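# Quick one, what's the 3D model for this:
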Amino acid sequence: MNLRTRVAIGGGVTVVAAVALVGAIEYPAIGAGLRANTDADLVATADGAPSAYGKLLAVASAKEKLGLGGLNASSKIAVGKGFMELVNTLIPETAGKGTPVDERDRAVAAGTAPAYFADVRSGGVLYRRYTAELPGHPGVLVRASTPESDPTGTLNRLKWLLVLLIPAAGLLAAVGARLLAARVLSPVARLTAAAEHIAVTGDLSAPIAVAGRDGDEVARLGVAFNAMTAALDGSVGAQRRLVADASHELRTPLTSLVTNLELLAERPDDPQAPALIGEALHQALALAELTSDLVDLARFGEAPVRSEVVRLDLLCADLAGRRGAEVDGGNAAVVVRGDPAALERAVGNLVDNALKFGTRAVVTVRTSAGSASAVVEVTDDGPGIPEADLPYVFDRFHRSPDARALPGSGLGLAIAKQVAEAHGGRVEAVPRPVGALLRITLPVAAAP
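Residues are numbered from 1 along each chain as shown. Here you go, the predicted model:
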């Protein structure tokens, strides 16, 4: 079952449950309201009974004077769809005539019991009846009755309306939810198709069209997916370039090493053997250095393995003393947070690069003007960096034509760049009239 169908079913069930709940609450409430209105009408009818009884007394008095009889024990008056009875419980009723009067009715007529409502059936019709004492006339009852068919019919119509409305509302909600889900989830379908395409082809370069307003979760998902695929594409491309560059760099020393070893194997007593062994050893050391640099390139290309408070000024001073570089800085503490081993490797690579091209290297450690950044600068007195090479000095395996004869793997500055970026900073080469200036900028941390 796909997501659109589940959304449609969920929407339909939710609406059915909501309407059913409303019906379950409203149906008895409406029934109670109709019953209350009926009871109020009966009470109002009974309130008009004294006037009607007065007229009956007048008519009875006139009949009595004419010798035509007196007041009947029970009199019935039609009122709307119902009727009102006036019953004098003190007058004996002719057998078989009038409405029976029980002890409760006699107590109400005498004023010793309260008025009451009751549902009674008469002539096959169910009536709602109100029985009360007739004010000012002890022993006289007033009974106001109305058929129950009116509120019952209204409730029956409401019941059938709910019976038809609940499934219709559920069906309409399900159809609407499915249509809406199809529209809302169409970007998700595009993302799914793109993910399936990537899984099959491995192509991360195709962007996904994102439609939606700012703050739209689906649009944000599309933007995040595009950003993720772009980052993955860049990472995969960088990995492929690294493999290609590393393969190229490894091929030359490996070929030379194999050639030298083959010559030694064929002619172990050759007078050139010591030179061949020395060359092979040199190539093996170059391979070891390149391998170590590749490992560090991968290791320091991610977030710092360790994160602790580091006195960058002390780290650089100790490093410069061991590498034979000079330190130019004050006594102020320069504190950063990061991996001490990674930071030492980055600064050490800059120092090694300076000593490779010059006779002296100077390390300067300071904070920026606003004290928001820590700055490490390494300068040398060498020939400097050609202007054409400035944009590429931190690229992997980049070596200027003048530096290809010198030892090195071409990864030192690339490692320094990755360390700086992994710590939230940056590295740059600054043009100078004489020598080179390489700068690492890092965010400062609070002093321990």
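# from here on, contacts and neighbour counts on C-alpha atoms
OK.
# which residue ranges form the helices in the stretch 51-200 of the chain?
103-110, 149-184, 186-201 (DSSP state H, counting those that start in this stretch).
# how about A429, phi and psi?
phi -110, psi 130 (degrees, to the nearest 10).
# what's the spacing between stretch 336-347 and its chain's center?
37 Å (C-alpha atoms, centre = their mean, to the nearest Å).
# tell me which residues in that stretch are buried?
336-340, 342-347 (16 or more other C-alpha atoms under 10 Å).
# Filter these down to just the ones in helices.
Among the buried residues of stretch 336-347, the ones falling in helices (DSSP state H) are 340, 342-347.
# quick check, nearest of those to L442?
Closest approach to L442 among these (C-alpha to C-alpha): L343, at 10.2 Å.
# Please give the element, helix or strand, for the spatially closest residue to the closest one that is not a sequence neighbour.
Using C-alpha to C-alpha, 6 or more residues apart in numbering and skipping the chain neighbours, the partner closest in space to L343 is V419 (6.8 Å). Using DSSP states H and E, V419 falls within helix 412-422.
# what mean pLDDT does that helix have?
The average of the pLDDT scores along helix 412-422 is 85.
# And that helix, what does it pack against?
helix 273-299, helix 340-357, strand 426-430, strand 437-443 (3 or more C-alpha pairs under 8 Å, 6 or more residues apart in numbering; DSSP states H and E).
# List the buried residues of it.
Per 16+ other C-alpha under 10 Å, helix 412-422 contains these buried residues: 412-422.
# possible to save those as a markdown table with distance to L204?
Formatted as a markdown table, the buried residues of helix 412-422 follow (distance: C-alpha to C-alpha, whole Å):
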| residue | distance to L204 |
| --- | --- |
| G412 | 30 |
| L413 | 29 |
| A414 | 25 |
| I415 | 26 |
| A416 | 29 |
| K417 | 26 |
| Q418 | 24 |
| V419 | 27 |
| A420 | 28 |
| E421 | 24 |
| A422 | 24 |
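# Out of these, which comes closest to A115?
A422 (89.8 Å).
# roughly how far apart are the closest one and P167?
60 Å (C-alpha to C-alpha, to the nearest Å).
# Show me where the stretch 301-448 of the chain dips below the pLDDT cut-off.
301-306, 329-331, 397-410, 447-448 (pLDDT under 70).
# right, and A144 touches F83 too?
Yes. Judged on C-alpha atoms under 8 Å, A144 makes contact with F83 at a distance of 6.1 Å.
# Of these two, give the one with the bigger neighbour count.
Counted by other C-alpha atoms under 10 Å, A144 and F83 do not tie: A144 has more neighbours, with 30 against 17.
# In the sheet, which residues pair with that one? Tell me.
Taking DSSP bridges as the rule, A144 bridges to M84, Y130.
# ok, it - contacts?
Counting by C-alpha atoms under 8 Å, 6 or more residues apart in numbering, A144 touches 42-43, 45-46, 82-85, 129-131.
# Can you classify P50 by secondary structure?
helix (DSSP: H, G, I helix; E, B strand; the rest coil).
# Now for it: which residues touch it?
Going by C-alpha under 8 Å, 6+ apart, the list of residues near P50 reads 134-135.
# what stretches of the stretch 101-250 of the chain score poorly on pLDDT?
Using pLDDT under 70, the stretch 101-250 of the chain drops low at 150-155, 181-185, 206-218, 234-250.
# Doesn't I385 belong to a strand?
No. Under three-state DSSP, I385 falls outside any strand and is assigned coil.
# what are the phi and psi angles of it?
Dihedral angles (degrees, to the nearest 10) for I385: phi -100, psi 120.
# now do I9
phi -60, psi -40.
# how close does it sit to R104?
Taking C-alpha to C-alpha, one finds I9 at 58 Å from R104.
# higher neighbour count, the two?
I9 (19 against 15).
# so what's the residue nearest to that one when sequence neighbours are not counted up against?
Distances taken as C-alpha to C-alpha, 6+ apart place A174 nearest to I9, at 5.8 Å, with adjacent residues excluded. Going by C-alpha under 8 Å, 6+ apart, A174 touches 7-13.
# So of the buried residues of helix 412-422, which two are at opposite extremes in space?
Longest span within those, C-alpha to C-alpha: G412 and A422, 15.5 Å.
# if we can go back for a sec, with distance to R439 added, can I get the helices of the stretch 51-200 of the chain in CSV?
Putting the helices of the stretch 51-200 of the chain into CSV (distance: least, C-alpha to C-alpha, whole Å) gives the following:
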stretch, distance to R439
helix 103-110, 107
helix 149-184, 50
helix 186-201, 40
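# And those: which comes nearest E308?
Of these, the one closest to E308 (C-alpha to C-alpha) turns out to be helix 186-201, at 38.9 Å.
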